[in-house]
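[1] Structural data only, the sequence is not supplied:
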């Protein structure tokens with residue numbers, strides 16, 4: 001009777017060991033992303049940048065020139081915009097390989113799957129969208145406080161700040177759909193982008209006056 005009990009215990013023990021080993025060896029399901037969100041987040045990030053490109057500098061003109069609200073388009077806005085775009089591509093092409101990390105649901109057992117390619121450092125989409133929103137916020141603050149002497153313009157707030165922030169928020173939410181990026185990665189990238197873009201917008205706004213001199217031109221070179 002005791003011999004039978006011992007055999008049964010050994011069999012049970014071996015069964016548990018083999019089951020645990022198989023469970024460890026079995027690869028987890030590969031990460032998935034909704035194809036619709038993949039396309040949408042790309043379009044949203046690009047739209048945030050396009051918004052800053054087409055949005056004019058809105059300012060309350062110096063009374064010594066002409067009194068009232070003015071809007072001027074500056075070709076020089078390409079400088080901060082392309083700098084932030086360059087950082088985005090730097091992250092996508094270089095930094096992601098330098099700061100390698102496994103996607104959620106990936107380990108050494110399924111690392112050879114295309115879905116488990118390294119996703120590394122920052123979320124490029126979240127960074128880009130929020131950096132453009134930060135740029136617009138910086139420009140709005142400088143134009144309002146310095147060049148407009150505290151006069152507030154709702155259109156400038158909507159165009160430079162509100163719309164890009166909404167686009168950035170939807171972009172980051174979309175990047176966390178599925179399990180290709182973690183929430184910490186996506187929202188952390190958004191924070192870095194916002195701070196970087198804000199600094200770039202403040203610097204550009206202070207260096208470039210919104211007025212096109214005394215020519216009255218709508219487009220400033």
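    Arrived safely, thanks for sending. Quantities reported herein were computed from a predicted structural model and do not represent experimental measurements.
[2] Show me where the chain has its helices.
    2-25, 35-54, 78-90, 96-98, 124-142, 154-157, 163-175, 183-207 (DSSP state H).
[3] Relative to residue 221, which of the ones you listed is closest?
    Of all the helices of the chain, helix 78-90 sits nearest to residue 221, with 11.0 Å by C-beta to C-beta. Every C-beta, even on glycine, is put in place using the N, C-alpha and C of the backbone.
[4] which parts of that closest one are buried?
    80-81, 83-85, 87-88 (16 or more other C-beta atoms under 10 Å).
[5] report the angle between the axes of that helix and helix 124-142?
    160 degrees (axes from the mean of the first three to the mean of the last three C-alpha atoms, to 10 degrees).
[6] tell me the mean pLDDT over helix 78-90?
    Averaging pLDDT along helix 78-90 yields 97.
[7] and the angle from it to helix 183-207?
    160 degrees.
[8] Check which helices and strands helix 78-90 is in contact with.
    Secondary-structure packing of helix 78-90 (3 or more C-beta pairs under 8 Å, 6 or more residues apart in numbering; DSSP states H and E): helix 35-54, helix 124-142, helix 183-207.
[9] thinking again about what came up before, packed most tightly, which of the helices of the chain would that be?
    helix 124-142 (a mean of 28; mean count of other C-beta atoms under 10 Å).
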